[in-house]
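J.: Kindly generate the corresponding structure for this input.
(one chain, ligands or ions: 1)
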Amino acid sequence: MRWLRVTLAMLLLSFGTAYAADNADEQAGKALMAAQAAELQAAEGQGNSDELNPLWVSVKEGVEGRSSSQSPGATSLINSYDPKWLHTRSEVTAPILSLALFGVIVIFALFVLVNGPSKLAAGFSNTMVKRWPKADVIIHWVMAIPCLLLIITGLMLLAGRFVFADWIGPEAVAAMAAMAKPIHDYMALPFAVAGILAMIRWMKHNWPASYDLKWFASVGGYINFGPFKGKHPDAGFSNAGEKLWFWSFTIFGLVVIGSGLLMLFPTIFEPSRTTSLIAITLHGAAAIVLTGFTVVHIFMATVLSEGGMECMVSGYCDENWAKQHHNVWYDEIKAEGSIEYKAT
Ligand code: HEM
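T.: So this is what the prediction gives:
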C-alpha cells in the first residue's frame, strides 16, 4: 500500500539518518544514500524500492544494528516479523468499525420509524421517584460525553483515510487526524476514570436474575406489534437488556481502557513492539463492539423508551415508568419503604 510504503520510507530515512550520524559508519552512510535514492525513485514511480535498496531489504529481513537504547527490539529498525497486525487494523478493524457505527444507526433508525416509541401505557403520573444518586448522574455524563468524542475521533484516526481520502484528499485527512489525536488522548482519561467508577458502582444492579430470559423472549416489551404488543416483562433495577449493555461495556471497556493506557503511556508500561501492535488491534476491535452497543443505548434512552431520558437528567423517573419498565425494583423499594419521592 502506498501510504504504508511512504510511512515506512519516512521512518527508515529518519532512523537511518540518526544511525549514520551516531556511528559515523561509512558503509551505513552509503547504504542510506542508496536507500534515499531508491525511495526517491520509488516515489517518482521509477522503480521498486525493495529491489533497489539493500538497506531496506536488510531491514525487512530483521537485520540488527546498534542502539544506545536498552528497550527490547531497539536494535532493529522496524518490527519486520508481524506486519499482519497492521494489516488487520487497516483491512479488517477500520471498515468494520465504520460499518458498526453507520450500520447500527441505520438499522435502529428504521426500526424506530416502523415500531414507534414504547409509550407509557398509563401515561405520565407526574410523581417522580428517585432512581440514581446525583453522583451517578455526574459519573454517567463524565463518562458518556468523552466516550462520544472518543468514538468520533477514534473513527477519524482508524478509518478516516479509508473513508474520506478519496473525497477530501490526503491533506484534509491528515489535518483531520492531527485534530483528532489530541482530543482522543485527553478524553481517554475522564472516560477511563468515570468508566471504572461506573463499573464498580453499578455492578450491584446487574447480576443475572431468573426473569431475564423472559425479558429477552418478549424483547423487553418494546415491540409495538404482533405477539409482543402490550407485554411488560419483569425487570429489577436494571432490565436484561441493560445488564447485557453493562457487562459488554465493562468487558470491552476494560479492554479499550487497558490497551489505550498502554499506548498512551509507553514510557511507564514499556510495551514491546509486538505488544503495541496487539494492543492497537484489540483497542479497535473492542471499540467496535462498544460503538455498536452505545448507538443502541442512545436510541433506547432518547427515542425508544418514553420517559427514560429523565433518569439521567434529574436522577428521578416517573412512577408509571418505574412500574412499567422496572416493576420488580419498584415493588421492592415500595415494600421496604425505601422509595423516595421528589418534593414538589
Ligand atoms: C447521548 C448519550 C447518552 C444518553 C442519552 C444516555 C442515557 C442514559 C440513561 C437515560 C440511562 C439510565 C437508564 C435507566 O435508568 O434505566 C443510562 C444508563 C447508562 N448509560 Fe448512558 N447515555 C448516553 C451515553 C452513554 C455512553 C456513551 C455510555 C458508555 C460509555 C453509557 C453508559 C451507560 C451505562 C453503563 C448505564 C447504566 C446501565 C445499567 O447499569 O443499568 N451511556 N444512560
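J.: Stretch 221-237: which residues count as buried?
T.: 221-223, 228, 233-237 (16 or more other Cβ atoms under 10 Å). C-beta here means a position set from N, CA and C on the backbone, and glycine is covered the same way.
J.: Now it - C-alpha only, PDB.
T.: Extracted in PDB, the C-alpha atoms of stretch 221-237 (Å, rounded to 0.1, in the frame of the first residue of the first chain):
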ATOM      1  CA  GLY A 221     -41.900  -5.100  25.700                       C
ATOM      2  CA  TYR A 222     -40.500  -2.500  23.300                       C
ATOM      3  CA  ILE A 223     -42.100  -4.000  20.200                       C
ATOM      4  CA  ASN A 224     -45.500  -2.400  19.400                       C
ATOM      5  CA  PHE A 225     -46.900  -5.100  17.100                       C
ATOM      6  CA  GLY A 226     -47.600  -8.800  16.700                       C
ATOM      7  CA  PRO A 227     -47.400 -11.100  19.700                       C
ATOM      8  CA  PHE A 228     -45.100  -8.800  21.600                       C
ATOM      9  CA  LYS A 229     -47.500  -5.800  21.700                       C
ATOM     10  CA  GLY A 230     -48.500  -4.700  25.200                       C
ATOM     11  CA  LYS A 231     -46.100  -7.100  27.000                       C
ATOM     12  CA  HIS A 232     -44.400  -5.700  30.100                       C
ATOM     13  CA  PRO A 233     -41.800  -8.300  31.200                       C
ATOM     14  CA  ASP A 234     -40.400  -8.400  34.800                       C
ATOM     15  CA  ALA A 235     -37.300  -6.300  35.400                       C
ATOM     16  CA  GLY A 236     -35.400  -5.300  38.500                       C
ATOM     17  CA  PHE A 237     -33.400  -2.000  38.800                       C
END
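J.: who's in contact with it?
T.: 115-116, 118, 121, 205, 209, 211, 214-215, 217-220, 239, 300, 304-305, 324-329, 332 (Cβ atoms under 8 Å, 6 or more residues apart in numbering).
J.: restrict those residues to those near the ligand?
T.: Counting by Cβ under 6 Å from any ligand atom, residue 205 from the contacts of stretch 221-237 sit close to the ligand.
J.: Buried subset of the contacts of stretch 221-237 as a PyMOL selection?
T.: Command for PyMOL that selects the buried part of the contacts of stretch 221-237, burial taken from 16+ other Cβ under 10 Å:
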select buried, resi 115+118+209+215+218+220+239+300+304+305+324+325+326+327+329
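J.: Next step: the contacts of stretch 221-237 restricted to strands.
T.: Using DSSP state E to define strands, no part of these is located there.
J.: The contacts of stretch 221-237 in helices, which ones?
T.: 115, 214-215, 217, 324-325, 327-329, 332 (DSSP state H).
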